[in-house]
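Engineer: Next comes the sequence, and after it the predicted model I'd like to discuss.
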Amino acid sequence: MLPDSDTLLPELAQLQQIIDQAPPQLQVEQLAAVPHMTQQLPVYALALGNRSAAAPALLLVGGVHGLERIGTQVVLAYLQTLLSRLPWDLCLQHTLQQCCIYFIPLVNPAGMANGWRANGNSVDLMRNAPVECTEGAAWLVGGQRISRAIPWHRGRSDKMETESRAVADFVRRELFARPFSLVLDCHSGFGTTDRLWFPYAKSRRQPITHLAEMYRLRQLLAHTYPHQNYIFEPQSQHYLCHGDLWDYLYDSALAHNSTMLPLTLEMGSWNWVRKNPFQLLSSLGMFHPVKPHRVKRVLRSHLILINFLINATMSYQNWLPLVNKDQLHTEAMRLWY
């Protein structure tokens, strides 16, 4: 057990308790350890299901930004749901024979313990990858190296931070060799509506190579769950930035001829502020629901999305565009570009 983890960081204590009580089917790996005060805080990856490189996989990520605690809580809540279902749910048991579900619930434990967006070195882990915006990033918010005292610092140009490097190494090792993989990285703090963003954040003019596949995935979600409210779009429609981790890993996957589709869930935290303006008095107020009943609502509101992504991962051969890819690409360009 981590020393004083229950008082230092509740989410890390919750994760440690899950690991300590987990069944043997849950495989656990410590990717890294980062310093905080007198402790070394672990960055864990967990896996359920078929680890064979021949099987598809879904990766759920949370806690890249330390202020956005709700992302970690969404991933942990879903992990606990799966572990509760595992002994009795034949459908889940079958699913895990066909694919693998990975979890990195808390990428930035030092930042979360500090109540910072950045990590313990004051580096924004979503501005830290070695990729440059091609058309002019948003000033400051798009990544800067002026000062670590200003948010959105990119860190060193020649070295990724421990946390982002650990995630990148894990993704390369576990996802690139697979025939298909999806990623859902859970964030909060943008707008009043939940959004699903996909690369690129580096370019407004250049679409990703798998644009038709992303458009088809959007179609599937809309047709399967017509009453869901997610806005599915490229991140570049709102702002451009340097160093986006998923831009970097998507391009790396392309270089390995790997089909990896990364999505970022941006939970609409402005809606929580609108309902409870007093939460702006809290350092977490722009990024976390705060009220207990709203936290519970958020934790259950994304269950359908994650279940959908698991099913889409397991069944990828039944929906990936093969015949009408050019048509889907044209429709996607018309919608988004």
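Structural biologist: Done, it's in. Numbers count the residues shown, from 1 in each chain.
Engineer: top helix in this structure by residue count?
Structural biologist: helix 69-85 (DSSP state H).
Engineer: chain center to the following helix or strand past that one, what's the gap?
Structural biologist: Using DSSP states H and E, the helix or strand that directly follows helix 69-85 along the chain is helix 90-98. Helix 90-98 sits 23 Å away from the centroid of its parent chain (Cα atoms, centre = their mean, to the nearest Å).
Engineer: The helix or strand just after helix 90-98 to helix 69-85, inter-axis angle?
Structural biologist: Heading C-terminal from helix 90-98, the first helix or strand you meet, by DSSP H and E, is strand 100-104. Counting by axes from the mean of the first three to the mean of the last three Cα atoms, to 10 degrees, strand 100-104 lies at 140 degrees to helix 69-85.
Engineer: Name the residues that touch the longest helix of the chain?
Structural biologist: 11, 14-15, 18, 22-23, 26, 46, 48, 60-65, 92, 101, 103-106, 112, 185-188, 265, 267, 269, 284, 287-289, 295, 298-300, 302-303, 306 (Cβ atoms under 8 Å, 6 or more residues apart in numbering). For glycine as for every other residue, the C-beta is placed from the backbone atoms N, C-alpha and C.
Engineer: From those residues, list the buried ones, please.
Structural biologist: 11, 14-15, 18, 22, 26, 46, 48, 60-65, 92, 101, 103-106, 112, 185-188, 265, 267, 269, 284, 287-289, 295, 298-299, 302, 306 (16 or more other Cβ atoms under 10 Å).
Engineer: Looking at those residues, which are in helices?
Structural biologist: 11, 14-15, 18, 92, 112, 269, 295, 298-299, 306.
Engineer: Looking at those, which gets the smallest pLDDT?
Structural biologist: In terms of pLDDT, Ser269 ranks lowest among those, with 59.
Engineer: Just the element for Ala212, please.
Structural biologist: helix 211-224.
Engineer: how about that helix: buried residues?
Structural biologist: 211-221.
Engineer: Stretch 315-335 too?
Structural biologist: Quick answer for stretch 315-335 (16+ other Cβ under 10 Å): 316, 320-321, 325, 328-329, 331-332.
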